[in-house]
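> Would you be able to build a 3D model of this:
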Amino acid sequence: MGDSGADLTHRAYELAIGAGLGTWEHSTDVFSHHDDTRPRSGLSRLVGARKGRPGQLVLHVFEDGVVIERHRGSLRGALSESVTADLVELEGTPASGSRVGLRLTLASGEALVLLEPVTGSCETLTLVASRCRSTSPDPLPYRDAVAALPAESWI
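Now for the predicted structure:
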């Protein structure tokens, strides 16, 4: 895994212990599909075009689950076996190649699409997807993945 510069926070650690998520593996900065509301086109709109700046969320990966934490905001955690995770196909450009996102649906029904920053890789999202349930073996089109999500972010 590449170093994203994200650290495990005390509150994410406490939630993980309480939920039985096991040993911390790593953390990475990500964006939610809600994080960039400025009108743009193409890939830059989807991934936030915040080159060199950390994401608005941190995805903490543990041996048996994940914690999603908003900087200075709320957080949620769950065991991998109770999360549905589907890779999402994002439109790429010839320079950037194709990219993927990850739609996570928790047992509570809360769902969001996570996008790694433009400068990141999809290794963490792919790892999380491999550990959770999936509704499709193939990446979902971005529009289909966000169509049923709430208009406002829950985290």
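> immediately after the host helix or strand of V128, which helix or strand?
For V128, the host element (DSSP states H and E) is helix 123-131. Moving toward the C-terminus from helix 123-131, the next helix or strand (DSSP H and E) is strand 140-141.
> Just the buried positions in the helix or strand following that next one, please.
With elements assigned by DSSP H and E, the helix or strand that comes after strand 140-141 is helix 142-147. The neighbour-count check on helix 142-147 (16 or more other C-beta atoms under 10 Å) flags 142, 145-146 as buried. In short, each C-beta sits where N, CA and C put it, glycine included.
> Please name every helix or strand in contact with helix 142-147.
Here helix 142-147 touches strand 84-93, strand 97-105, strand 111-115, going by 3 or more C-beta pairs under 8 Å, 6 or more residues apart in numbering; DSSP states H and E.
> If you average the pLDDT over the longest one, what comes out?
It stands for strand 84-93. Model confidence over strand 84-93, given as mean pLDDT, is 80.
> Against which helices or strands is it packed?
The contact analysis (3+ C-beta pairs under 8 Å, 6+ apart) places strand 84-93 against helix 42-47, strand 97-105, helix 123-131, strand 140-141, helix 142-147.
> Give me the contact list for that strand.
42-43, 46-47, 98-105, 113, 115, 125-126, 128-129, 131-136, 139-142, 145 (C-beta atoms under 8 Å, 6 or more residues apart in numbering).
> Where in this protein is the helix or strand with the lowest mean pLDDT?
Least confident helix or strand of the chain, by mean pLDDT, DSSP states H and E, is helix 42-47 with a mean of 39.
> follow-up on the earlier one: from the buried residues of helix 142-147, which has minimum pLDDT?
Within the buried residues of helix 142-147, V146 has the lowest pLDDT, namely 80.
> what about it, distance to L15?
26 Å (C-beta to C-beta, to the nearest Å).
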